[in-house]
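Engineer: predicted model and sequence below, questions to follow.
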Amino acid sequence: MADNLIRVMALHALAYCERLFYLEEVEEIRVADHRVYAGRTLHEAEVPAQGQQESLTLESETWGIKGKADYVRYRDGGLVAYEHKRGRSMGDEAWPSDRLQVIAYAALLGEHLGKPVKEGRVHYHANNKTVRVPIDDKALEDLKAAVSRARELSQSVQRPPVTANEKLCTKCSLAPVCLPEEERLLHAAGPDDGKQAAIRLFPEDDERRIIHVTEEGSRVSKSGEQIVVTPREEEPRKFPGRDVAAIVLHGGVQISSQAVHYAVAHDIGVHWLTGGGQYAAGLVPPGGVQRRIRQFEGLRDPELTLRLARQLVKAKIENQLKFLMRAGRGKESGESIAEVVKGIRAELRGVDRAADAETLRGHEGMSGKLYFSALPGLLDPEQELMRFSGRNRRPPEDPFNAALSFGYSLLYRDVMAAIVSVGLDPAFGFFHRPRSAAYPLALDLMELFRTVLWDMPLIASVNRNQWREEHFTRSPGQVWLSPEGRKLAIELYEKRKEESWKHPVLDYSLSYARAMELEVRLLEKEWSGSPGLFGCMRIR
């Protein structure tokens, strides 16, 4: 029975915003921010004089709801459903969502105790005001209507539209998932209107850290609320679980089942890379069915996939072009780089005219060859160790390609984490063909970030003379990063992710780390009714 019942707190969300209800109850996305944690302590507040506060966890098939109801039993035998809220009242009235919540609790209590509960009360702590809510026929009809609407929304695979009341969004913990202001920007002004900018509701950075465990034989475990990393011959290092966004295990590193279960319960990603840097696997949490259904339905549309592929390829080529033009300025190889730039511009002009994905792949592939042919001209010629004469991989044959491939593996992991966190299926993309173990959607989204997140910092590190022979392990026909080399690459990459970038349309700044998640969420909007903002990322 309980599986078919609506949570009373879900009805509270429904009355606040139907989209919030859908995200939390249907898509099962819940974010407990500081306001949520603060609110959980209010039920320990003092109860009204002359009464005894009690609570019951109740279910009702008649009403179709379930929840933990607080109530006050007075000395004269009267019962009042009671609810605490940390904010202010709506004048002399309860807010609509709070009113519906206390009505639902009163209905549960009345059925369970066998006597009608005629009144509910909501105490608002910010202005120390208690509001009375009559439990009359009108109130119970409102409850029935809300339960009916909740069931109707639960059967849909489409999200309800963003609420018209912008003030609700500023206090909503799910605003970074919903992206309401970004959606309003599109509907109000269009993506080309630079005068209107979205209010920032998407966080600029994720304050949690990513733990890379690179030393062979290390072990990751859990102790209380801490993640513990124990190298083979060193003292354990402890990290508060709330400060960890992901754990990346390189090579022969072990992790306990307890740590894996803790990671799943606390939204901590776990990823495995081979010793050579290839992405091996990642922990994917359950859920996200509705989001994947929308993804599958959307990406079956050939017009949509061609448009997305065009946006993606255009963004990638323009970023490569801008980097070459900027980095090649004043170089001795300036003339040869200028010829490459001319060729890439010709490929870029063909992108808008491409009638199918195969033609787009041709332009993307040719511009890539031209781009890599120009990279040697950006490198300090005195850096013999990191000399680059062309792209090679699987396996890399020289130190520069070894570092390049390892950085791309780190990027692949981050893009995979962003896709999983949004709830999309990485196996279902729109540009890359399915091949081997690499997920097409992850390969698609990587194209937006390859140049800015790894090519640029890698070339800068070479020209700063940061690489040494001990950073590499050589064997016949192949070169890999040594443990020290992996540490250097991780340091360069993670520092680059912390840098800020200003979105050219949304007009707010965020770290590159957050930009990956933002692009995935904007991609989802392309088939969810609010297209136009995906793939706008450009190098300034």
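Structural biologist: Received, thanks.
Engineer: any idea of the mean pLDDT in the helix ranked longest in the chain?
Structural biologist: Across the chain, the longest stretch assigned as helix under DSSP state H is helix 302-327. Averaged over helix 302-327, pLDDT sits at 94.
Engineer: what segments of the stretch 351-500 of the chain are helices?
Structural biologist: 357-374, 399-422, 440-446, 450, 456-463, 483-498 (DSSP state H, counting those that start in this stretch).
Engineer: in the longest helix of the chain, what's buried?
Structural biologist: For helix 302-327, the buried set under the neighbour-count rule, 16 or more other CB atoms under 10 Å, comprises 304-324, 327. For every residue, glycine as well, the C-beta is placed using N, CA and C.
Engineer: which residues of this protein score low on pLDDT?
Structural biologist: The chain contains residues with pLDDT under 70 at 1-3, 30-52, 73-77, 185-207, 287, 330, 332-334, 436.
Engineer: domains in it, by residue range?
Structural biologist: Domain ranges of the chain: 6-160, 209-283, 289-526, per the TED database.
Engineer: between those domains, which one is closest to Phe534.
Structural biologist: Minimum separation from Phe534 across the domains of the chain (CB to CB) falls at domain 289-526, 4.5 Å.
Engineer: name the residues that touch stretch 527-538?
Structural biologist: Stretch 527-538 has contacts (CB atoms under 8 Å, 6 or more residues apart in numbering) with 158-159, 161, 182-183, 185-187, 190-191, 294-295, 297-299, 301, 304, 308, 311-312, 314-315, 318-319, 322, 448-449, 452, 501, 503-506, 515, 519, 522-523, 525-526.
Engineer: again, 6 Å this time
Structural biologist: Contact with stretch 527-538 is made by 183, 186, 191, 294, 298, 311-312, 315, 318, 448, 504-505, 522-523, 526, as judged by CB atoms under 6 Å, 6 or more residues apart in numbering.
Engineer: then stretch 472-489?
Structural biologist: Here stretch 472-489 makes contact (CB under 6 Å, 6+ apart) with 214, 276, 395-396, 398-399, 402-403, 406-407, 470-471.
Engineer: follow-up on the earlier one: including distance to Gly535, could the domains of the chain go into JSON lines?
Structural biologist: Formatted as JSON lines, the domains of the chain follow (distance: least, CB to CB, whole Å):
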{"stretch": "domain 6-160", "distance to Gly535": "21"}
{"stretch": "domain 209-283", "distance to Gly535": "23"}
{"stretch": "domain 289-526", "distance to Gly535": "4"}
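Engineer: over to Val80. Which of the three states is it?
Structural biologist: Secondary structure, DSSP: H, G, I helix; E, B strand; the rest coil: Val80 is strand.
Engineer: same check on the one 4 residues further on?
Structural biologist: Each residue gets one of three states, and His84 gets strand by three-state DSSP.
Engineer: near Ala374, how many other residues are there?
Structural biologist: Neighbours of Ala374 under the rule other CB atoms under 10 Å: 23.
Engineer: with the one 5 residues further on instead?
Structural biologist: Other residues lying near Leu379 total 19 when counted by other CB under 10 Å.
Engineer: from the contacts of stretch 472-489, pick the one nearest Leu249.
Structural biologist: Once CB to CB is applied, the member of those that ends up nearest Leu249 is Thr214, at 8.9 Å.
Engineer: these two touch, right, the closest one and Gly251?
Structural biologist: No - counting by CB atoms under 6 Å, Gly251 is not a contact partner of Thr214; they are 7.3 Å apart.
Engineer: contacting residues for Ala357?
Structural biologist: Ala357 is in contact with Ala309, counting by CB under 6 Å, 6+ apart.
Engineer: cutoff 7 Å now
Structural biologist: 306, 309, 431 (CB atoms under 7 Å, 6 or more residues apart in numbering).
Engineer: check the contacts of stretch 472-489 and tell me the two furthest apart.
Structural biologist: Farthest pair in the contacts of stretch 472-489, by CB to CB: Thr214 and Asp398, 21.8 Å.
Engineer: quick one, helices of the stretch 151-300 of the chain?
Structural biologist: For the stretch 151-300 of the chain, the helices defined by DSSP H, counting those that start in this stretch occupy 166-170, 175-178, 180-189, 257-265, 289-298.
Engineer: alpha carbons of the first one, as CSV, please.
Structural biologist: Read that as helix 166-170. Extracted in CSV, the C-alpha atoms of helix 166-170 (Å, rounded to 0.1, in the frame of the first residue of the first chain):
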residue,chain,number,x,y,z
GLU,A,166,10.5,34.0,-9.6
LYS,A,167,10.7,34.6,-5.8
LEU,A,168,10.1,31.0,-5.1
CYS,A,169,13.2,29.9,-7.0
THR,A,170,15.6,32.0,-5.0
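Engineer: which strands and helices sit next to that helix?
Structural biologist: Helices and strands touching helix 166-170, by 3 or more CB pairs under 7 Å, 6 or more residues apart in numbering; DSSP states H and E: there are none.
Engineer: identify the residues contacting that helix?
Structural biologist: 16-17, 163, 175, 180-181, 201.
Engineer: helices of the stretch 1-150 of the chain, start to end?
Structural biologist: Under DSSP H, counting those that start in this stretch, the stretch 1-150 of the chain gives helices at 8-16, 18-21, 34-39, 96-113, 137-154.
Engineer: output these in TSV; the columns should cover distance to Ala281 and mean neighbour count.
Structural biologist: As requested, those are arranged in TSV below (distance: least, CB to CB, whole Å; neighbours: other CB atoms under 10 Å):
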stretch	distance to Ala281	mean neighbour count
helix 8-16	34	22
helix 18-21	33	22
helix 34-39	32	11
helix 96-113	42	23
helix 137-154	33	15
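Engineer: between these, which gets nearest to Ala418?
Structural biologist: With CB to CB as the criterion, Ala418 lies closest to helix 18-21 of the helices of the stretch 1-150 of the chain, at 21.4 Å.
Engineer: and Thr230, how many neighbours?
Structural biologist: Residues within reach of Thr230, counting by other CB under 10 Å, total 18.
Engineer: tell me the contacts of it?
Structural biologist: Contacts of Thr230 (CB under 7 Å, 6+ apart): 218-219, 221, 236.
Engineer: buried subset of those?
Structural biologist: Using 16+ other CB under 10 Å, the buried ones in those are 218-219, 221.
Engineer: how about Tyr508, phi and psi?
Structural biologist: phi -130, psi 160 (degrees, to the nearest 10).
Engineer: ditto for the one 10 residues further on
Structural biologist: When quoted as degrees, to the nearest 10, the phi and psi of Leu518 stand at phi -60, psi -40.
Engineer: so it versus His503, what's the distance?
Structural biologist: In this view, Leu518 and His503 are 8 Å apart by CB to CB, to the nearest Å.
Engineer: kind regards, and thank you for your time.
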